[in-house]
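>>> Sharing a model that was predicted from the sequence below.
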Amino acid sequence: MKRSIALMLLVLFSLGILTACNTVAGAGKDVQKAGEKVEDAADKDK
């Protein structure tokens with residue numbers, strides 16, 4: 001019984017970590033795109 005509960009907790013924890021990684025990676029891409037837009041706007045104003 002204890003073993004199955006420990007295994008379930010490990011699986012839930014692992015899923016949480018993997019989900020967080022995907023979210024952070026997506027946010028990083030969004031920030032990168034926003035930075036590119038700012039650079040493009042700065043180049044146009046030169």
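Cool, the structure landed. Numbers count the residues shown, from 1 in each chain.

>>> Please make it C-alpha for all contacts and neighbour counts, starting now.
Fine.

>>> And the residue nearest the centre of this protein?
Residue closest to the average C-alpha location in the chain (Cα atoms, centre = their mean): V24, at 1.7 Å.

>>> distance between the host helix or strand of G35 and the chain's centre?
Applying DSSP states H and E as the criterion places G35 in helix 2-44. In terms of Cα atoms, centre = their mean, to the nearest Å, the centre of helix 2-44 is found 1 Å from the chain centre.

>>> what do you get for stretch 29-46?
Centroid separation for stretch 29-46 versus its chain: 21 Å, with Cα atoms, centre = their mean.

>>> so where is the protein shaky, pLDDT-wise?
18 (pLDDT under 70).

>>> Repeat the analysis, applying 80 as the threshold.
Scanning the chain with the threshold set as pLDDT under 80 gives 1, 14-25, 27, 46.

>>> Which secondary structure elements does the helix holding G35 sit against?
Packed against helix 2-44, as judged by 3 or more Cα pairs under 8 Å, 6 or more residues apart in numbering; DSSP states H and E, are no other helices or strands.

>>> Just the buried positions in stretch 3-12, please.
Within stretch 3-12, no residue qualifies as buried by neighbour count (16 or more other Cα atoms under 10 Å).

>>> Kindly export that stretch (C-alpha atoms) in CSV.
Only the C-alpha atoms of stretch 3-12 are listed here, as CSV (Å, rounded to 0.1, in the frame of the first residue of the first chain):
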residue,chain,number,x,y,z
ARG,A,3,4.7,1.6,-2.2
SER,A,4,1.7,2.4,-4.5
ILE,A,5,1.1,5.7,-2.7
ALA,A,6,4.7,6.6,-3.0
LEU,A,7,4.7,5.7,-6.7
MET,A,8,1.5,7.8,-7.3
LEU,A,9,3.1,10.8,-5.6
LEU,A,10,6.2,10.4,-7.7
VAL,A,11,4.2,10.3,-10.9
LEU,A,12,2.1,13.4,-9.9
